[in-house]
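S.K.: dropping the sequence and predicted coords here.
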Amino acid sequence: MEETKRTIEELVNKTGFDINEIKFCEEDGGLWCCIKTTDSSLMIGNSGETLSAINFITRRMLEAKNKDKEVEFIIDVNDYQKKRIDNLKTKAHMMAERARFFKASIEIEPMSGYERRVIHKYLDGQPDIKTESAGFGRNRHIVIKYISNSI
């Protein structure tokens with residue numbers, strides 16, 4: 001965990017963005033890196049693309065260093081990721097309720113692997129709901145399926 005923190009700090013400091021604060025906390029078995037900056041629009045980028053790239057590069061660097069274990073972490077800038085995850089969970093909840101109400105499968109629009117993983121994890125363990133990814137490439141999306149309890 002300390003190596004992960006060090007790697008994230010090194011990479012973020014080398015970006016050249018004006019960083020006010022870097023704070024780490026453990027959440028859901030992973031590491032959450034909260035960055036406060038006045039350069040948030042540049043660091044987050046259009047639709048979060050720059051922040052996703054920073055997360056991707058950091059993940060690849062850590063995978064190269066720690067070949068034997070996968071490290072779970074999220075780099076967040078001014079709570080952008082937190083809000084995004086909360087929105088995904090809200091959407092997943094609404095779509096699961098819709099699947100229950102209509103007793104049918106509901107498809108969600110295509111999204112990144114990370115976003116799909118958030119929804120799969122959030123809905124995991126619900127007895128009457130099953131999720132699966134469908135499609136290929138940029139069209140990969142989640143299907144939320146209602147599972148009838150009566151057999």
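M.R.: Alright, I've got the coordinates.
S.K.: could you use CA atoms for every contact and neighbour count after this?
M.R.: Noted.
S.K.: ok, E109 to G135 distance?
M.R.: Separation of E109 from G135 (CA to CA, to the nearest Å): 11 Å.
S.K.: shared neighbours, the two?
M.R.: Common contacts of E109 and G135 (CA atoms under 8 Å, 6 or more residues apart in numbering): H141.
S.K.: could you find the closest non-adjacent residue to D79?
M.R.: C34 (7.2 Å; CA to CA, 6 or more residues apart in numbering).
S.K.: pLDDT wise, what is that neighbour at?
M.R.: Here the pLDDT value assigned to C34 is 95.
S.K.: could you do the one 4 residues further on as well?
M.R.: According to the model's per-residue confidence, T38 sits at a pLDDT of 92.
S.K.: next: T4.
M.R.: pLDDT, T4: 84.
S.K.: next helix or strand past the host helix or strand of it?
M.R.: Applying DSSP states H and E as the criterion places T4 in helix 2-14. Downstream of helix 2-14, the first helix or strand assigned by DSSP H and E is strand 19-27.
S.K.: what strands line up against that following strand, and which way round?
M.R.: strand 30-37 (antiparallel) (DSSP bridges).
S.K.: how near is the residue nearest in space to the middle of the chain to N55?
M.R.: Residue closest to the average C-alpha location in the chain (CA atoms, centre = their mean): Y114, at 4.4 Å. Counting by CA to CA, the gap from Y114 to N55 is 11 Å.
S.K.: again with E49
M.R.: Using CA to CA, E49 is found at 10 Å from N55.
S.K.: more crowded one of those two?
M.R.: Comparing E49 with N55 by other CA atoms under 10 Å, the one with more neighbours is N55, at 17 against 12.
S.K.: per-residue confidence for that one?
M.R.: 90.
S.K.: tell me how far the closest residue to it other than its chain neighbours lies from S41.
M.R.: Closest residue to N55 apart from its sequence neighbours, by CA to CA, 6+ apart: I75 at 6.1 Å. According to CA to CA, I75 and S41 sit 15 Å apart.
S.K.: so between the two, which is more surrounded?
M.R.: The neighbour count for I75 versus S41, taken as other CA under 10 Å, is higher for I75 (23 against 15).
S.K.: what helices or strands is the helix or strand hosting that one leaning on?
M.R.: Under the criterion of DSSP H and E, I75 resides in strand 73-77. Judged by 3 or more CA pairs under 8 Å, 6 or more residues apart in numbering; DSSP states H and E, the packing partners of strand 73-77 are strand 30-37, helix 40-44, helix 49-65.
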